[in-house]
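Visitor: Next input, structure requested:
(one chain, ligands or ions: 3)
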Amino acid sequence: MMEAGGSRRNSIELVGVKTGTAMPAEMREALHLRGLVPAGIEDFGKQEMRAFKQLMSKTSNLEKYEFMATLRCMSVNLFFRLVLNHFKEVAPIIYTPTVGEACLNYSYIYPFIHPSKTSVGLFITLRDTECIDTVIENYRNTMAQQIDPEIAVITDGSRILGLGDLGVNGMGIPVGKLQLYVAIAGLNPARCLPIVLDFGTNTQKYLDDPLYLGTRERRPDDETFYAAAGTVLGALFREFPGMLVQFEDFSTDHAFGLLDRWRNKAMCFNDDIQGTGCVILGGFISAVEQAGIPARDQRILFVGAGSAGVGVAKQLVDYLVIEHGIPEDEARAMFWFVDSRGMITANRGDRLAEHKVYFARHDNGDTQCATLEDTVEYVRPTALIGMSTIYKAFSEPILARMDEMNPTARPIIFPLSNPETKAECTFEEAMRCTGNRVLFASGTAFPDYTVPETGEVKVPGQGNNMYVFPAIGLGSVLCKPERITDTMVFAVAKALAGSLSEQERARGELYPRIERIREVSAGLAAAFITQAVREGLAKETHWIEIVESGMSGGEPDGAASIGKYARRVLGEVKRLMWAPTASVEQYIVEAAATENPDDI
Ligand SMILES: NC(=O)c1ccc[n+]([C@@H]2O[C@H](COP(=O)([O-])OP(=O)(O)OC[C@H]3O[C@@H](n4cnc5c(N)ncnc54)[C@H](O)[C@@H]3O)[C@@H](O)[C@H]2O)c1
Ligand SMILES: O=C(O)C[C@H](O)C(=O)O
Ligand SMILES: [Mg+2]
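Guide: Ligands and ions are numbered 1, 2, ... in the order given. As a prediction, the model looks like this:
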């Protein structure tokens, strides 16, 4: 790669320099490094082996997280190679659940990095919003950011997983989500922008903590919040046209509020509402296929009515209406909700938050249920979905009742709250209490379970939005839809359900094995792009030809056919995905063309 004016230098070889053990002898010579590096010359694979060994030697998960964070500063390529090749072991370190612990400790473990050399992302205070153009300009001018971002994940830290208001400490979440974007969906790491709106925190513990790194004041009122967030988003969409914004872990009212304000104006989506809705719909479709009672006869009880619970339930309603032809009122009547005050009914006597009104029951007469136990007895659910942040809310007696109430059908039980310290139950409990009949998915991965009677090893489903947000993001970045519609998200959910291999289906699993997540995500992104083109919203018009050329066999209808017709789209998506490269090879190629190695 040559710079304008013929000066021969580039940034890729810096990775080669940093991962010094990979540097070939002639380069060490050329760079005057003789004697400064151990004699062993390694390839990328050896470096990966050493890095993995060092990672595994750490005793606590938080130490592992810190090791990975440091490694990323040293070598982006090596970091992502490690993530990709050891996804099952590394994902729970850089993402849920350890990222939750990292956020709780963020102000304590924040590294001593130089922001102009290694940029974490943007930390935007209320004061900064008054000079937002300067903030963006500073970001552009940092050494690390030579190219504009194509995706931003943004939070204000107000509802981090189920851990509450963590203020600026929530920055770990956008960072972790974007690392999965790179690993799973092949986005270019240099084009990923994590952002925290550091507008304060209502958590007194942080306000009192001398090491807390964020703004030391309470959160502003709604009017100030929306005005300031609007200033930031307006500037981002103006300065980086075509950039996708993913809203993440905002408190529920602001999650819905921001989505409503921006979804028709710009390329954005809310991961907790739409991403979660999408992934759980995918798992639900697979579960219903195995449950033994048809979708229209399901009685679905949600525990927790926040952005996640309501987002998921709305996607399920859409599915029942569109795919099963059930009228919307009847579909909605298949759902019951419990929140911190009990079963949600229109005549409960309190003023329901706006997002809960749609699902409030009107058919309960005088019956009000104050507890989950009572609601389970009243509803007699076939499916129990937890998004309540209440650890062990699905007690063993409740799980056992799910089993008794569903003697012929298999009960669907999804404890989806994160991290595992907030999960409504474990896989082991759900298996044991239902005679191993449960159809299970959890937000945080649980260990496999060995059925004592048979020795059979059962793998729990992980109903985490990480199965879909990378594909929604990749699809958006590639085809640039004017806006992201529910039907595009819906296409991804159906494609996810259609992505299980024959073996996975035969084993009764609800999601594809995590090891296949990159391959699966490419397929889901292809489904997203295909749908965006069909809706006439893809601004990158070359996808129209690619999609249409695959549709010559007729109109597709359903997940399987999306897969069939999207083959050409899939090939193109895969071709465009970023992958870590052996920096040493690039180094040789580039450096061989360097006239003056001292320029590097
Ligand atoms: N698996 C996933 O991919 C995924 C995605 C998004 C969110 N989540 C998890 O879902 C959880 C909820 O997220 P949210 O954004 O909806 O949060 P939220 O705080 O807005 O919602 C929590 C809900 O639980 C209810 N609740 C509180 N105590 C309760 C109790 N004792 N019994 C019943 N309900 C109770 C609250 O009233 C509220 O409706 C979090 O733990 C989050 O990590 C998981
Ligand atoms: O971050 C996750 O693991 C999933 C989800 O977005 C959440 O908020 O819990
Ligand atoms: Mg989230």
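
Visitor: ok, the closest residue to ligand 3 within the stretch 251-400 of the chain - contacts?
Guide: Per CB to the ion, D272 is where the stretch 251-400 of the chain lies closest to ligand 3, at 4.4 Å. From N, CA and C alone the C-beta is placed, and that goes for glycine too. Contacts for D272 (CB atoms under 8 Å, 6 or more residues apart in numbering) come out as F247, E248, D249, F250, A255, S307, A308, G311, N465.

Visitor: next one: I413
Guide: Counting by CB under 8 Å, 6+ apart, I413 has contacts A383, L384, F394, L399, M402, C425, A430, T434, V438, L439, F440.

Visitor: Could you tell me which of those are located in helices?
Guide: Within the contacts of I413, residues falling in helices by DSSP state H are L399, M402, A430.

Visitor: Please pick the buried ones from those residues.
Guide: L399, M402, A430 (16 or more other CB atoms under 10 Å).

Visitor: Give the closest residue to the residue in the stretch 1-150 of the chain that ligand 2 sits nearest to in space, chain neighbours not counted.
Guide: When scored by CB to the nearest ligand atom, the stretch 1-150 of the chain has T96 as its residue closest to ligand 2, at 3.3 Å. Nearest residue to T96, sequence neighbours excluded (CB to CB, 6 or more residues apart in numbering): N418, at 5.1 Å.

Visitor: if I look at the one you found, how far off is L372?
Guide: Between N418 and L372 the computed distance is 19 Å (CB to CB, to the nearest Å).

Visitor: quick one: contacts for V573?
Guide: L474, G475, L478, A522, A525, A526, I529.

Visitor: Run through the residues you listed and flag the ones next to ligand 2.
Guide: Near ligand 2, judged by CB under 6 Å from any ligand atom, there are no entries from these.

Visitor: ok so, going back, check which helix or strand covers the residue nearest to T96.
Guide: Per DSSP states H and E: N418 is located in neither a helix nor a strand.

Visitor: CA atoms only for stretch 391-410 - export them in CSV, please.
Guide: Taking Å, rounded to 0.1, in the frame of the first residue of the first chain, the C-alpha atoms of stretch 391-410 are listed here in CSV:
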residue,chain,number,x,y,z
TYR,A,391,-31.6,-14.8,40.1
LYS,A,392,-33.4,-18.2,40.6
ALA,A,393,-36.9,-16.6,40.0
PHE,A,394,-37.7,-20.0,38.4
SER,A,395,-37.5,-21.9,41.6
GLU,A,396,-37.4,-25.7,41.6
PRO,A,397,-41.1,-25.9,42.6
ILE,A,398,-42.0,-23.6,39.7
LEU,A,399,-39.9,-25.7,37.3
ALA,A,400,-41.5,-28.9,38.6
ARG,A,401,-45.0,-27.4,38.1
MET,A,402,-44.1,-26.6,34.5
ASP,A,403,-43.4,-30.2,34.1
GLU,A,404,-46.6,-31.4,35.7
MET,A,405,-48.7,-28.9,33.8
ASN,A,406,-47.3,-30.1,30.5
PRO,A,407,-47.5,-33.9,30.7
THR,A,408,-47.7,-34.5,27.0
ALA,A,409,-45.9,-31.5,25.5
ARG,A,410,-42.4,-30.5,26.3
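
Visitor: quick one on the thing from earlier: pLDDT and distance to P24 for the contacts of I413 - can I get that in CSV?
Guide: Listed next are the contacts of I413 as CSV, based on pLDDT from 0 to 100; distance: CB to CB, whole Å:
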residue, pLDDT, distance to P24
A383, 98, 58
L384, 98, 59
F394, 98, 57
L399, 98, 59
M402, 98, 61
C425, 98, 54
A430, 98, 54
T434, 98, 59
V438, 97, 55
L439, 98, 54
F440, 98, 51
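
Visitor: Report how many residues lie close to the residue of the stretch 101-250 of the chain found nearest ligand 1.
Guide: Nearest residue of the stretch 101-250 of the chain to ligand 1 (CB to the nearest ligand atom) works out as G162 at 2.7 Å. When neighbours are counted by other CB atoms under 10 Å, G162 registers 23.

Visitor: Spit out the contact partners of it.
Guide: Applying CB under 8 Å, 6+ apart, we find G162 in contact with T389, S417, N418, P419, T421, K422.

Visitor: Just the buried residues from those residues, in PyMOL please.
Guide: In PyMOL syntax, the buried subset of those is picked out as below (16+ other CB under 10 Å):
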select buried, resi 389+417+418+419+422
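
Visitor: For the residue of the stretch 101-250 of the chain found nearest ligand 2, which non-adjacent residue is spatially closest?
Guide: Here the stretch 101-250 of the chain gets closest to ligand 2 at one residue, L161, 4.5 Å apart by CB to the nearest ligand atom. Spatial nearest neighbour of L161, excluding adjacent residues (CB to CB, 6+ apart): N418 at 4.3 Å.

Visitor: average model confidence for the strand or helix carrying L178?
Guide: Assigned by DSSP H and E, L178 belongs to helix 172-185. Helix 172-185 shows a mean pLDDT of 97.

Visitor: Any buried residues in it, and which?
Guide: Across helix 172-185, burial judged by 16+ other CB under 10 Å covers 172-185.

Visitor: quick one: which of those residues is nearest to ligand 3?
Guide: Using CB to the ion, I173 comes nearest to ligand 3 of those, at 6.6 Å.
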